[in-house]
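J.: Here is the input, now give the coordinates:
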Amino acid sequence: MHETLPALVARALTDNPRPLEYYLREQSHLPGPRANLGLVGEVSDELASYALRCPQDVWEVLHYLVRDAPQVETNTPGEFVVLCGTVALGACASTNEGWRDVAFERLAQLARNSAWRVREGAAMGFQRMLAIAPEATVVYLLVLASEGDCLQQRACIAAVAEPFLLQTNEMKEAALAIQSRIVLRFRDIPLDERRRDDVRILRQALAYTLSVVAAAYPEQGFALLRECASWGDADITWVIRENLKKKRLAKFTEQAAHLSKLLA
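T.: This next block holds a predicted model:
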């Protein structure tokens, strides 16, 4: 824990959020290749610890942190502030059940942001909710997977592609169902639309998320990959080949070899 962070959060809740914002900007590590994700987690946990004690104050701080989301530029300290607020929103809503519906919708909006770290923050926010309120969050993600746009679908598959979440059969089945819905929707995207940025971003995410679920749920996960391989879709074939390169699938030699033959 950054020593000054608790005092800054406490002040933000009772008086003035600007010192917290300035601190987050200074400690963001941006511009640069890697944002300060440790600090993202710490500020999220600190705010979540107040979510039931002073919900209105926490809500106002969260709103303050994400207020610049519509115009934030990527790889800037401002992006980091919005990232912190986005992840913290999920963390706080996982604690305060009354916020969940609003948080789901807000995270879905943030998943469409132009700044890629904010989009990643939306997936991380959903992960925080999956860890504490898995049933409600899965229900929402299944709907978003079916009805959301490409960037929102990307948030769904990134949210469930996290090994620490895939510890129960219920979560594994849910993750597989979400991945299945989205890869089927991707197949139905007309070829002349596949070069759009949002489609490219979704394809890039599928290039690693399918292997996370397959590693956690091998029989069912590889069955989905074999089904995808049978479609003869060039983009889906690329997605499968990229997943087969992941070290997490290295121990599944027989399944991977069979899948590679289907792609040959």
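
J.: now Val81, nearest residue through space, not along the chain?
T.: Leu24 (5.1 Å; Cβ to Cβ, 6 or more residues apart in numbering). For every residue, glycine as well, the C-beta is placed using N, CA and C.

J.: just Leu166 next, same as before
T.: Ala216 is the one closest to Leu166 (Cβ to Cβ, 6+ apart), at 3.8 Å.

J.: Now that that neighbour has come up, it's in contact with Ala175, right?
T.: Yes. Counting by Cβ atoms under 8 Å, Ala175 is a contact partner of Ala216 at 7.4 Å.

J.: can you list residues touching both of those two?
T.: Leu166 (Cβ atoms under 8 Å, 6 or more residues apart in numbering).

J.: Neighbour count: these two, which is higher?
T.: Ala175 (28 against 21; other Cβ atoms under 10 Å).

J.: buried set for whatever helix or strand Ser180 lives in?
T.: Element membership for Ser180 (DSSP states H and E) is helix 169-187. Buried residues in helix 169-187, counting neighbours by 16 or more other Cβ atoms under 10 Å, are found at 171-172, 174-183, 185-186.

J.: May I see the residues you listed organised as TSV, with pLDDT added?
T.: Putting the buried residues of helix 169-187 into TSV (pLDDT from 0 to 100) gives the following:
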residue	pLDDT
Met171	98
Lys172	98
Ala174	98
Ala175	98
Leu176	98
Ala177	98
Ile178	98
Gln179	97
Ser180	97
Arg181	98
Ile182	98
Val183	98
Arg185	98
Phe186	98
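
J.: mind listing the helices in the stretch 151-264 of the chain by residue range?
T.: With DSSP state H, counting those that start in this stretch as the definition, the stretch 151-264 of the chain shows helices at residue ranges 169-187, 197-216, 218-229, 234-244, 253-263.

J.: With distance to Val9 as extra columns, can I get the ones you listed in TSV?
T.: Formatted as TSV, those follow (distance: least, Cβ to Cβ, whole Å):
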stretch	distance to Val9
helix 169-187	31
helix 197-216	32
helix 218-229	40
helix 234-244	40
helix 253-263	47
